[in-house]
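> Fold the stuff below for me.
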Amino acid sequence: MQFKKPKRQINGILLLDKPLGFSSNQALQKVKWLLKAAKAGHTGTLDPLATGLLPLCFGEATKFAHYLTDADKTYVATVKLGATTTTGDAEGEVLSTGTVNVTQAEFEKVCYQFLGEISQTPPMYSALKFEGKALYEYARAGVDIERQARLVSIHSIEVNSFAGDVAVITVTCSKGTYIRTLAEDIGKQLGCGAHLIGLRRTATADYQISQTVTLAQFEAMSDEDRLAALAPPDSAVHYLPAITLDEDSAFYLLQGQAVWRSGVTPAGLLRLYNEKQVFLGLGELQVDGKIAPKRLMQQVNN
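Down below sits the predicted model:
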């Protein structure tokens with residue numbers, strides 16, 4: 001009889017540079033296996049044809065994963081003008097072609113028209129769920145599902161390079177933005193069509209691509225170095241104000257009770273620490289002036 005190797009309770013976040021050809025879940029499962037981790041989750045899907053920053057959360061860090069899923073992200077996208085495809089990227093079949101007679105100035109002008117809040121219709125070739133199945137599963141079966149347009153925000157667009165029918169742009173945007181759809185809409189506005197031939201995520205919240213490790217690098221590490229490569233769980237919410245609680249307040253907070261704190265306390269969500277600067281989790285200032293627990297680190301309770 002074969003016994004499964006025991007899983008480890010690992011708490012932290014790996015900033016992975018997802019390789020080309022891997023789905024987000026494939027990358028997650030590979031790293032989870034290397035760490036022998038009991039619990040894991042990723043923070044926003046990257047297509048197999050996309051590379052770049054994919055934060056992977058383990059153990060207690062999964063409690064804060066949605067803050068990264070909901071965070072702004074930055075992408076470097078390579079846009080091919082003159083053709084549309086079934087998928088909006090290089091993986092699909094060509095649907096239509098058009099003559100490209102566009103200057104860099106004209107391209108930049110159209111790009112800037114998409115700054116701010118815009119309406120996007122999610123593509124059929126996406127991981128968005130409908131009745132429990134990803135839209136791309138319906139698309140591969142030739143079934144078109146009606147999708148509701150939704151509002152997203154394009155915070156900035158920078159044209160890095162422009163050469164005839166290929167442009168490289170850097171886009172910072174809100175969650176739920178489809179860069180493939182943005183490329184298609186830019187091509188439509190120019191009248192020549194467009195699709196993505198490259199996509200790389202370079203930032204999520206405060207995390208930057210320079211902080212990542214590749215899958216090959218991580219695989220080559222010793223177990224000790226792999227653990228050392230993980231960022232702490234509170235780094236996922238580093239942008240929130242931090243509050244230190246005294247010993248008594250920390251004790252009662254971990255019992256699920258709201259606690260008083262002397263001095264000025266910022267409104268909204270707070271990172272909470274004890275006097276030893278151990279991260280306790282998140283709390284929120286109530287109207288009565290107390291700090292109520294919202295999301296606590298389980299191992300602190302043990």
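> For stretch 257-271, measure first residue to last.
Using Cα to Cα, to the nearest Å, the end-to-end distance of stretch 257-271 comes to 16 Å.
> Over to stretch 15-35?
First-to-last residue span, stretch 15-35, Cα to Cα: 14 Å.
> That one: which residues count as buried?
Residues of stretch 15-35 classed as buried: 15-19, 22, 24, 27-28, 30-32, 35 (neighbour count, 16 or more other Cβ atoms under 10 Å). No exception for glycine: its C-beta is placed from N, CA and C like everyone else's.
> what residues does that stretch touch?
8, 10, 14, 37, 40-42, 44-56, 58, 207, 209, 211-216, 218-219, 226-227, 231 (Cβ atoms under 8 Å, 6 or more residues apart in numbering).
> So among those residues, which ones count as buried?
By 16+ other Cβ under 10 Å, these give 10, 14, 37, 40-42, 44-56, 58, 207, 209, 212-213, 215, 218, 226, 231 as buried.
> What about the residues you listed, which are in strands?
Using DSSP state E, the subset of the buried ones among the contacts of stretch 15-35 located in strands is 14, 40-42, 50-56, 58, 207, 213.
> any weak-confidence spans in the stretch 51-200 of the chain?
126-127 (pLDDT under 70).
> could you pull out the strands for the stretch 101-250 of the chain?
Taking DSSP state E, counting those that start in this stretch as the test, the strands found in the stretch 101-250 of the chain are 116-120, 129-130, 133-134, 150-163, 166-173, 194-204, 207-208, 213-214, 242-244.
> Tabulate those strands (CSV), appending distance to residue 65.
CSV is the format used below for the strands of the stretch 101-250 of the chain (distance: least, Cβ to Cβ, whole Å):
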stretch, distance to residue 65
strand 116-120, 24
strand 129-130, 17
strand 133-134, 19
strand 150-163, 20
strand 166-173, 19
strand 194-204, 11
strand 207-208, 13
strand 213-214, 19
strand 242-244, 20
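> so which of the ones you listed is the most packed in?
strand 194-204 (a mean of 22; mean count of other Cβ atoms under 10 Å).
> how many degrees apart are that one and strand 166-173 in direction?
If you take axes from the mean of the first three to the mean of the last three Cα atoms, to 10 degrees, strand 194-204 sits at 40 degrees to strand 166-173.
> show me what contacts residue 183?
Contacts of residue 183 (Cβ under 8 Å, 6+ apart): 77, 79, 88, 194, 195, 196.
> and the gap between the closest residue to the third one other than its chain neighbours and residue 196?
Taking Cβ to Cβ, 6 or more residues apart in numbering, and ignoring the residues beside it in sequence, residue 88 has residue 180 as its nearest neighbour in space, at 3.5 Å. Separation of residue 180 from residue 196 (Cβ to Cβ, to the nearest Å): 5 Å.
> overlap in contacts of the two?
88, 89.
> and the buried residues of stretch 15-35, which of them are in helices?
24, 27, 28, 30, 31, 32, 35 (DSSP state H).
> How about the contacts made by the spatially most central residue of the chain?
Computing the C-alpha centroid of the chain and ranking residues by Cα atoms, centre = their mean puts residue 44 first, at 4.0 Å. Residue 44 makes contacts with 24, 54, 68, 69, 73, 175, 204, as judged by Cβ under 8 Å, 6+ apart.
> what does residue 66 give?
residue 43.
> Please identify the helix or strand for it.
Assigned by DSSP states H and E, residue 66 belongs to helix 65-69.
> Off-centre distance for that helix?
7 Å (Cα atoms, centre = their mean, to the nearest Å).
> So which elements touch the helix or strand just after that helix?
Using DSSP H and E, the helix or strand that follows helix 65-69 in sequence is strand 73-81. Applying 3 or more Cβ pairs under 8 Å, 6 or more residues apart in numbering; DSSP states H and E, we find strand 73-81 packed against strand 166-173, helix 179-190, strand 194-204.
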